[in-house]
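1. sequence-free structure coming up:
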């Protein structure tokens, strides 16, 4: 007898198009929804009060101090320490 997986344990299969779209979702609205404080800078850039030295613009971010950079998915996985699955859920449900 096969026991079905618990619904929370099931993994969603994301299409290439969904992943491509999630990479390009602007970060500022997502981060504001999460309660992170954005500090406006010149040329449409933002700094994050909670992460000194980290800069964001649109769907791109960089953190020179830690030698990290990337897209929206990367931010959720590398900075917020979410799994890929959690990052995709956070981004697509926003």
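-> Arrived safely, thanks for sending. These figures come from a predicted structure and were not determined experimentally.

2. switch to C-alpha atoms for all contacts and neighbour counts from now on
-> Noted.

3. quick one: contacts for residue 50?
-> 36, 37 (Cα atoms under 8 Å, 6 or more residues apart in numbering).

4. mind checking how far it is from residue 24?
-> 23 Å (Cα to Cα, to the nearest Å).

5. just residue 35 next, same as before
-> Taking Cα to Cα, one finds residue 35 at 20 Å from residue 24.

6. kindly report the same for residue 78.
-> When residue 78 is compared with residue 24 (using Cα to Cα), they lie 16 Å apart.

7. who's more crowded, residue 35 and residue 24?
-> Taking neighbours as other Cα atoms under 10 Å, residue 35 and residue 24 compare with residue 24 leading, 14 against 8.

8. which ones are touching residue 91?
-> 22, 25, 30, 73.

9. cool, and residue 63?
-> 53, 54, 55, 69.

10. list the buried ones in the longest strand anywhere in the chain?
-> Ranked by residue count under DSSP state E, the longest strand found in the chain is strand 51-57. With burial defined by 16 or more other Cα atoms under 10 Å, the residues of strand 51-57 counted as buried are 54, 55, 56, 57.

11. could you do stretch 72-82 as well?
-> Under 16+ other Cα under 10 Å, the buried positions of stretch 72-82 are 72, 73, 74, 75, 76, 77, 82.

12. and the residue lying closest to residue 55 once chain neighbours are set aside, what element?
-> Distance criterion Cα to Cα, 6 or more residues apart in numbering; nearest residue to residue 55, sequence neighbours excluded, is residue 47 at 4.7 Å. Counting by DSSP states H and E, the element that carries residue 47 is strand 46-48.

13. so what secondary structure elements neighbour that strand?
-> Under the contact definition 3 or more Cα pairs under 8 Å, 6 or more residues apart in numbering; DSSP states H and E, strand 46-48 sits against strand 38-40, strand 51-57.

14. and the average pLDDT for it is what?
-> On average, the pLDDT along strand 46-48 is 96.

15. buried set for that strand?
-> Those would be 46, 47, 48, for strand 46-48 by 16+ other Cα under 10 Å.

16. thanks again, I'm all set now.
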